[in-house]
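S.K.: Return atomic coordinates for the entry below.
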Amino acid sequence: MINGVINVYKEKGYTSHDVVAKLRGILRQKKIGHTGTLDPEAEGVLPVCLGKATKLCELLTDKTKTYEAVLRLGIVTDTQDMTGKVLEEHPVSVTDEEVERTILSFLGDQEQIPPMYSALKVNGRKLYELAREGKEVERKPRKVTLYEIKILEMNLPLVRFSVTCSKGTYIRTLCHDIGAKLGCGGCMESLLRTQVERFMLKDSMKLSAIEAAVKAGTFDTHLVTIEEMFSHYEEVVVPKEMDKLLHNGNKVPAITHQNLPDKTRVRMYDSNRHFIGIYEYQKRRECFGVHTIFFTPQDF
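M.R.: Model (predicted):
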């Protein structure tokens, strides 16, 4: 079984689930999960977790992401992007300066109302299913944070900009809200995700390239191992007499790391330097407790 994370370039027309399904065929492996949905018409970085790395899916979903979007002013649609039904059209008489000032006013903490055409569930049903039935339900605003916004190109009614944001941010909704604040309406023309955590657009691979790498036997060189995902954590190697504790999933005494701040997470290795998982320092007990175990002795 392949264990690790592969940086996939999701192309237009594919859902995130399509990517997973195709990778299962290419890699001949069932245990695969993606790290956050991209709309079918969006493209760009989609980290995909393989094997034991599927435990990382939630961790990566929570990470800050960067997008490059094109906003089209003057049009309002039911999906908040150009794939939807046009609800309103307005002349665009605002200036470049007004547009830039308005876009930058969204920096920081914001409250967004999720769009009806989204995968969020209300009473067990996905919002987009209800939307397709012509139903609209009340959605509670959600707190999101926009850490950075850069205007890349302005040729009204089109504006290309990049945004770095927290999890749960809908760029479609941001475009809609910018248009509403300007008084002329707006929607998203296109979306490219350029970064998720350490995964950059320049390193992402299309499915065809991944398939070619598998056939050439070079796929492993593109894989980020589970261990690498936690390279920023300090490593702890236990002495041989503690191997049994570690292998049985128990906490282990912190005999060499007693000055760490409480709840510090570390990469834990047995005496043979086999990576076991992530442990958390418990200062009161002077031990390392289990956070996430990725490997067992049977894996080595």
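
S.K.: Give me the contacts around the longest strand along the chain.
M.R.: The longest strand of the chain (DSSP state E) is strand 142-155. Among residues not part of strand 142-155, those counted as contacts by C-beta atoms under 8 Å, 6 or more residues apart in numbering are 64, 68, 96, 99-100, 103-104, 106-114, 159-166, 168-169, 174. For the C-beta atoms, the positions are set from N, CA and C on the backbone; glycine is no exception.

S.K.: for whichever helix or strand comes after it, which positions count as buried?
M.R.: As assigned by DSSP states H and E, the chain's next helix or strand after strand 142-155 is strand 158-165. The neighbour-count criterion (16 or more other C-beta atoms under 10 Å) identifies V159, R160, F161, S162, V163, T164, C165 as the buried residues of strand 158-165.

S.K.: What is strand 158-165 packed up against?
M.R.: With contacts defined as 3 or more C-beta pairs under 8 Å, 6 or more residues apart in numbering; DSSP states H and E, strand 158-165 has these neighbours: strand 65-73, helix 96-104, strand 142-155, helix 171-182, strand 186-196.

S.K.: quick one: which of those is nearest P40?
M.R.: Between P40 and the helices and strands packed on strand 158-165, the shortest separation by C-beta to C-beta is 10.8 Å, and it involves strand 186-196.

S.K.: The closest one versus helix 96-104: what angle between them?
M.R.: Note on geometry: by axes from the mean of the first three to the mean of the last three C-alpha atoms, to 10 degrees, strand 186-196 and helix 96-104 are set 60 degrees apart in direction.

S.K.: other SSEs contacting strand 186-196?
M.R.: Judged by 3+ C-beta pairs under 8 Å, 6+ apart, strand 186-196 is in contact with strand 43-50, strand 65-73, strand 75-77, strand 158-165, helix 171-182.

S.K.: what about it, average pLDDT?
M.R.: Regarding strand 186-196, the rounded mean pLDDT is 96.

S.K.: before we move on, the earlier item: can you give me the angle the longest strand of the chain makes with helix 96-104?
M.R.: In this structure, strand 142-155 runs at an angle of 160 degrees to helix 96-104, with the same axes, to 10 degrees as the basis.

S.K.: Can you give me the buried ones in strand 142-155?
M.R.: When burial is assessed from 16+ other C-beta under 10 Å, strand 142-155 yields the following buried residues: R142, V144, L146, I149, M154.

S.K.: returning to what we had before: now tabulate the buried residues of strand 158-165 in a markdown table and tack on pLDDT.
M.R.: Output for these, formatted as a markdown table (pLDDT from 0 to 100):
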| residue | pLDDT |
| --- | --- |
| V159 | 98 |
| R160 | 98 |
| F161 | 98 |
| S162 | 98 |
| V163 | 98 |
| T164 | 97 |
| C165 | 96 |
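
S.K.: Let's have the helices and strands packed on strand 158-165 in JSON lines, adding distance to G51.
M.R.: Formatted as JSON lines, the helices and strands packed on strand 158-165 follow (distance: least, C-beta to C-beta, whole Å):
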{"stretch": "strand 65-73", "distance to G51": "24"}
{"stretch": "helix 96-104", "distance to G51": "41"}
{"stretch": "strand 142-155", "distance to G51": "32"}
{"stretch": "helix 171-182", "distance to G51": "31"}
{"stretch": "strand 186-196", "distance to G51": "19"}
